[in-house]
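*Asks:* Here's a sequence, model it:
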Amino acid sequence: DVVISTVRFLQTSAAQIVAAVKAAGVERLLVVGGAGSLYVAPGVQLVDTPNFPDAYKAEASAGRDFLNALRGETALAWTFLSPSALFTPGERTGKFRLGNEDLLTAADGKSWISMEDYAIAMLDEIEQPKHVRERFTVGY
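*Replies:* Numbers count the residues shown, from 1 in each chain. A predicted model of the protein is given here:
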């Protein structure tokens, strides 16, 4: 069994989700994360850059806090999957790259992933876990 959390980070804490998953007797948690906590330079996260949209800063900061709280969780097999900077409906190509802590960008500098390909990466992780107690990211 696995729980996939799609909550808004401003509305629900990691502690609440972890407690609910444990209470349900489930040992695996996958979190639909955000891109704001990905690094764009050494020590610089996307949410802290000058061009990060103000409208998303609070949610992205809460997502960073959520991830940091998960990093202290050792009982659950959790995974936090961050999309690229642009996360929009599009085509399912099955062709994407995976990364860890750094924002993925294409040769043209664009950072994006379709929701369809993000879903494939999520399902791949459920079927063949490779990022247990880690964050990873997906992009083109």
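*Asks:* which residues are in contact with the helix or strand that contains residue 136?
*Replies:* Secondary-structure element containing residue 136, defined by DSSP states H and E: strand 134-139. Contact partners of strand 134-139, identified using Cβ atoms under 8 Å, 6 or more residues apart in numbering, comprise 33, 35, 37-38, 67, 79-84, 96-106, 111-113, 117-118, 121, 125, 130. Glycine gets a C-beta too; all of them are placed from N, C-alpha and C.
*Asks:* Can you get me a residue count around the nearest residue to residue 35 once chain neighbours are set aside?
*Replies:* Nearest residue to residue 35 in three dimensions, chain neighbours excluded: residue 85, at 5.0 Å (Cβ to Cβ, 6 or more residues apart in numbering). By other Cβ atoms under 10 Å, the residues close to residue 85 number 20.
*Asks:* tell me the phi and psi of residue 85?
*Replies:* Here is the backbone geometry of residue 85 (degrees, to the nearest 10): phi -60, psi -40.
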